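Asker: Give me coordinates for this.
(2 chains)
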Number of protein chains: 2
Amino acid sequence: MHEQPGEVSVRQRLMDSAVLLFTNRGYAATSVREIVEMAGVTKPALYYHFDSKEGIYLAILDDLVKIADEGIAASRVASGTARERLEGFLLGIYGLFETKKSWVRMINAVFWGPAQGVPPFDFETFHTKLRFVISEIVGEGIAAGELRAADPDDVTLALMGVLSFNMDLDLAHPELGLGRDGFRRVLDLLFSGVAAPTLTSAH
Amino acid sequence: MHEQPGEVSVRQRLMDSAVLLFTNRGYAATSVREIVEMAGVTKPALYYHFDSKEGIYLAILDDLVKIADEGIAASRVASGTARERLEGFLLGIYGLFETKKSWVRMINAVFWGPAQGVPPFDFETFHTKLRFVISEIVGEGIAAGELRAADPDDVTLALMGVLSFNMDLDLAHPELGLGRDGFRRVLDLLFSGVAAPTLTSAH
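Answerer: Take a look at the predicted model:
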């Protein structure tokens, strides 16, 4: 599909409207008419860009996969300790989340919510890609003696847990959400440990 | 409502059936007829125990609040270090989750899923109660010098994050779920830190 200047924003407006409706009303209960009304455009505009309700839903997920792929690539930190690279990467992903919160919220609604006849989509792709990058750096960090010699899968899941919980907390309870600074603090706790540092007489 | 011996299991069967249907088909799409058919009982049995679809939904949540309250009370560990008490408490809550997985799954479906006309319920109650107990022990542990002198809210959220992510992981990807032993390992990582221990010459 060939896009003229100016058309991008119509496409974007349609997708943002669909995201809100799919999240709050549900995919099944949302009509093409409601999407175009919320976006302030006409039905043919939706059909031109997406063909159908199914089409706009899949386009949203395709866009999100593309954004995630670009974000994952851009957030990889080339140099530094394993801890610096992991913190840099995770903060990059968190920053990405902050720009697409409503889209992530829609994924939660579709993933956890009741079956609604949405076209199939492999949500594992996000999880798998993140896990791959994190476990790679974790493995290097353990091999280099920078990270604790624990099971790499446990370390990877602990890191993903901090990321995932902070995103969900922000979506579920914006007033409790820690934001970027808080996310960094909790990540630091995971690296340094919640237990008080052991006192030593060494210098 | 007065329950005779033997009626408890009908009540339980009705609730378990409703949980599955509300999770997979959604509250709005589920009829009283479907619930009683899945439970293998007649409509009057549901009306006798719960009055209505709304009634069975609220009874499920009331039961869950009661189970959570009892579990929170039973999981409090009276003695030991702050770390021992926190690990004991969190493992107790995780054990509770393991006995009521399908019910927690339903809460996720209702909480994250689209609006479906479910009667209002304050889901915050679970979060608030857990947070209260954890933050109390965290505060004592920091005051006693057993836990790192970090922001108590950060430490509390880090601990809740490990719990919450492990439960969600098990619900979303049973094949990746760490189970009780894995949950304990990740909790240990959070206490001891993912970073390699600093070498010292002290003994």
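
Asker: which residues of chain A score low on pLDDT?
Answerer: Along chain A, segments meeting pLDDT under 70 span A:1-8, A:199-203.

Asker: can you pull out the helices in it?
Answerer: A:7-24, A:32-39, A:43-50, A:53-75, A:82-99, A:101-112, A:124-143, A:152-172, A:179-192 (DSSP state H).

Asker: Now render those as CSV, adding mean neighbour count and distance to chain B.
Answerer: Where you see a C-beta, it was placed from the backbone N, CA and C, and this is true even at glycine. Compiled in CSV, these are given as follows (neighbours: other CB atoms under 10 Å in any protein chain shown; distance: least, CB to the nearest CB, whole Å):
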stretch, mean neighbour count, distance to chain B
helix A:7-24, 19, 6
helix A:32-39, 17, 13
helix A:43-50, 17, 20
helix A:53-75, 16, 13
helix A:82-99, 19, 6
helix A:101-112, 19, 4
helix A:124-143, 17, 8
helix A:152-172, 22, 3
helix A:179-192, 18, 5
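
Asker: got these as TSV, with distance to B:R85 columns?
Answerer: As requested, these are exported to TSV (distance: least, CB to CB, whole Å):
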stretch	distance to B:R85
helix A:7-24	39
helix A:32-39	51
helix A:43-50	55
helix A:53-75	37
helix A:82-99	29
helix A:101-112	32
helix A:124-143	29
helix A:152-172	21
helix A:179-192	18
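
Asker: Of the ones you listed, which is nearest B:L20?
Answerer: Nearest to B:L20, of all the helices of chain A, is helix A:101-112, at 14.8 Å by CB to CB.

Asker: ok, residues contacting the closest one?
Answerer: A:16, A:19-20, A:22-23, A:26-27, A:60-61, A:64, A:97, A:116, A:118, A:123, A:126, A:167-168, A:170-171, B:108-109, B:111-114, B:172 (CB atoms under 8 Å, 6 or more residues apart in numbering or on different chains).

Asker: got the contact list for A:Q116?
Answerer: So A:Q116 contacts A:G26, A:Y27, A:A28, A:A29, A:V110, B:G26, B:P114 (CB under 8 Å, 6+ apart).

Asker: check contacts around the second one.
Answerer: Looking back up the chat, that one is A:Y27. Contacts for A:Y27 (CB under 8 Å, 6+ apart) come out as A:K53, A:Y57, A:V110, A:Q116, A:G117, A:V118, B:P114.

Asker: which residue is nearest the middle of chain A?
Answerer: For chain A, the residue nearest the mean C-alpha position is A:F97 (4.8 Å; CA atoms, centre = their mean).

Asker: Leaving out the residues flanking it, which one is nearest to it?
Answerer: What sits nearest to A:F97 in space, not counting adjacent residues and going by CB to CB, 6 or more residues apart in numbering or on different chains, is A:M167, at 5.2 Å.
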